[in-house]
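**Q** here is a sequence with its predicted model. Questions after.
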Amino acid sequence: MDPYKNHWRLQVLLLLLAYAFGGARPGSAQSTSNPGGLGNLPTGAQPQSAPPVVTTKSDKKKKKEKKHHNGSFVLAPIPIVSPAIGSGIIPVVAYITPLPGHEKEETPSVIGAGGLITNNGSRGFAVGADLYFRQAKYELTTGYAHGSLDYNIYGTGFEGGNAGLKLPLEQTGEAYFLKFLRRIPWQFYAGGRFFTGNSFLTVKETSGDHPAIPPDVGLHTNLRSLGFEFWRDTRPNKFYPVKGTVFDFTSDFFGTALGSKYTFQSYKITFNKYWSLPKKNVLAYNAFYCATGGEAPFYAQCIYGTNNELRGYTAGQYIDRFMIATQAEDRLELPWRFGVVGFVGIGAVMPGADKFRSKQFLPAGGTGIRFMLSKDYHVNLRTDFAWGKDNFTWAVGVGEAF
């Protein structure tokens, strides 16, 4: 976790719940027997000196396991410096634990809440949970968010993003998301998804030239969808994977019959792979594809620079109906809980699957520092410095980028 994996369908909720993990684990009190006690002496017997108790390595290990508690709290005030929504802080509180809590070998679940405060007036909060139960036979993910975001849009497509024009907007709204998946053979999960949200979009005061004003400005817009998800995860540790793969396919269908203002479809495919290298080195690879069909509003299309696809770009500068992105990251563990990473990537947005042009590639690269918050789950606090075609971004978060 979630990951978690978290859900940008309604970009009024660019505020997503940042799953946070880690922290110290409290120990439990232990009781010991008294082999030299008097309670079991026969009548008239004299107390005998007890033989010395020899503690073996196995005994020490058992005592340590008894003291081991599987739940962990964290309070994380995460700074944010975003070209899209300004500078501020994301306070996060979360609890990570297997279900049931005494089963330490179970897939860990996450329950958390987060907020958003920035200097451009953006405000918001979110609560959510990603739960695994019945020996990870089922996964339930749910979340609610409410907020107000101030941001800019730059037009549609590659040309719009390069035009140098921007329109300041304020978008307020709320959203709720639910998905329920069941494990099927070969480590796959499959199940349904539900999303509902509403927002109100206004144009902030501006001067000079700007992109075309979106058609739903000044209107209350509802979006509602039913969908399907199919995914497979073979990582031994989803917080810091050193091997394995992730494949995730999602499809969401918005329609007026469900109460949505717009009728459109959204499809996404994610593939990640991880290799262990010598000397605590890990190579991670990510590929992402996004497509929308029908009449989707701009904030429900494919938005470059969100969900770490790709770092180095202002979210909202490049928006279109289709998007591809791929990136690789080298992760190296250092002493004293520190680590460093380097990453490169490339991608593009386009109005149609057959409209791709190689000259419209959007490259990115950068480096980052890691600090391990939890040794038990190997959860890192990350900060990334990334460069795009024309931009520089700095981001802080909990967990790896992918």
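**A** Received it, and whenever you're ready, just let me know what you need. Residues are numbered from 1 along each chain as shown.

**Q** any weak-confidence spans in the stretch 51-200 of the chain?
**A** Across the stretch 51-200 of the chain, the stretches falling below the confidence threshold (pLDDT under 70) are 51-70, 101-105.

**Q** helices along that one, start to end?
**A** Counting by DSSP state H, counting those that start in this stretch, the stretch 51-200 of the chain has these helices, from start to end: 57-67, 157-162.

**Q** what packs against the last one?
**A** Looking back up the chat, that one is helix 157-162. Judged by 3 or more Cβ pairs under 8 Å, 6 or more residues apart in numbering; DSSP states H and E, helix 157-162 is in contact with strand 319-320, strand 338-350. C-beta here means a position set from N, CA and C on the backbone, and glycine is covered the same way.

**Q** name the helices or strands packed onto the first one?
**A** Contacts defined by 3+ Cβ pairs under 8 Å, 6+ apart place strand 319-320 against helix 157-162, strand 302-303, strand 338-350.

**Q** mind checking which of the ones you listed is nearest residue 118?
**A** Of all the helices and strands packed on strand 319-320, the one in closest proximity to residue 118, counting by Cβ to Cβ, is strand 302-303 (18.3 Å).

**Q** strand partners (parallel or antiparallel) of that closest one?
**A** On the basis of DSSP bridges, the sheet neighbours of strand 302-303 come out as strand 319-320 (antiparallel).

**Q** what is the mean pLDDT for the strand it pairs with?
**A** When the per-residue pLDDT values of strand 319-320 are averaged, the result is 92.

**Q** who's in contact with the closest residue in space to residue 191 that isn't next to it in sequence?
**A** Using Cβ to Cβ, 6 or more residues apart in numbering and skipping the chain neighbours, the partner closest in space to residue 191 is residue 181 (3.6 Å). When contacts are counted by Cβ atoms under 8 Å, 6 or more residues apart in numbering, residue 181 is found next to 138-140, 189-191, 229, 231.

**Q** hang on, the earlier thing: hey, which of the helices and strands packed on helix 157-162 is tucked in deepest?
**A** Highest mean neighbour count among the helices and strands packed on helix 157-162 (mean count of other Cβ atoms under 10 Å): strand 319-320, with a mean of 24.

**Q** residue 153 against residue 211, yeah?
**A** Yes - taking Cβ atoms under 8 Å as the definition, residue 153 is a contact partner of residue 211 at 6.3 Å.

**Q** please pick the buried ones from the contacts of residue 181.
**A** When burial is judged by neighbour count using 16 or more other Cβ atoms under 10 Å, the buried members of the contacts of residue 181 are 139, 189, 191, 229, 231.

**Q** contacting residues around the third one?
**A** Spelled out, it's residue 191. With contacts defined as Cβ under 8 Å, 6+ apart, the neighbours of residue 191 are 139, 179-182, 228-229.

**Q** next, format the residues you listed as a markdown table and append distance to residue 261.
**A** Output for the contacts of residue 191, formatted as a markdown table (distance: Cβ to Cβ, whole Å):
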| residue | distance to residue 261 |
| --- | --- |
| 139 | 30 |
| 179 | 22 |
| 180 | 26 |
| 181 | 28 |
| 182 | 32 |
| 228 | 22 |
| 229 | 24 |
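
**Q** need the max-distance pair from those.
**A** Most distant of these, by Cβ to Cβ, are 139 and 228, 14.1 Å apart.

**Q** assign the closest residue to residue 388 other than its chain neighbours to helix, strand or coil.
**A** In space, residue 388 comes closest to residue 312 once its chain neighbours are excluded; the distance is 3.4 Å by Cβ to Cβ, 6+ apart. Here residue 312 takes the coil state, with states given by DSSP: H, G, I helix; E, B strand; the rest coil.

**Q** so what's residue 312 scoring on pLDDT?
**A** 90.

**Q** how much space separates it from residue 392?
**A** In this structure, residue 312 and residue 392 are 7 Å apart, going by Cβ to Cβ, to the nearest Å.

**Q** got the helices and strands packed on helix 157-162 as CSV, with distance to residue 111 columns?
**A** Formatted as CSV, the entries for the helices and strands packed on helix 157-162 read as follows, by distance: least, Cβ to Cβ, whole Å:
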stretch, distance to residue 111
strand 319-320, 33
strand 338-350, 27
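
**Q** among these, which is nearest residue 401?
**A** Each of those was scored for nearness to residue 401 using Cβ to Cβ, and the closest is strand 338-350 (7.5 Å).

**Q** same for that closest one, what does it pack against?
**A** helix 157-162, strand 319-320, strand 322-333, strand 362-374, strand 379-387.

**Q** list the contacts of the first one.
**A** Pointing back at helix 157-162 there. Contact with helix 157-162 is made by 154-155, 211, 304, 317-320, 348-351, 357, 360, 362, as judged by Cβ under 8 Å, 6+ apart.

**Q** swap the cut-off to 7 Å and go again
**A** 154-155, 211, 317-318, 320, 349, 351, 360 (Cβ atoms under 7 Å, 6 or more residues apart in numbering).

**Q** send me that helix as CSV with only the CA atoms.
**A** Output in CSV follows, covering the C-alpha atoms of helix 157-162 (Å, rounded to 0.1, in the frame of the first residue of the first chain):
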residue,chain,number,x,y,z
GLY,A,157,-2.8,17.9,-26.0
PHE,A,158,0.8,18.4,-26.7
GLU,A,159,0.3,21.6,-28.5
GLY,A,160,-1.8,23.1,-25.7
GLY,A,161,0.8,22.2,-23.1
ASN,A,162,3.5,23.9,-25.2
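
**Q** which non-adjacent residue is nearest residue 212?
**A** Residue 212 sits nearest to residue 155 (Cβ to Cβ, 6+ apart), 7.3 Å away.

**Q** same check, this time on residue 384
**A** Spatially, and ignoring its direct neighbours in sequence, residue 384 is nearest to residue 368 (3.9 Å; Cβ to Cβ, 6+ apart).
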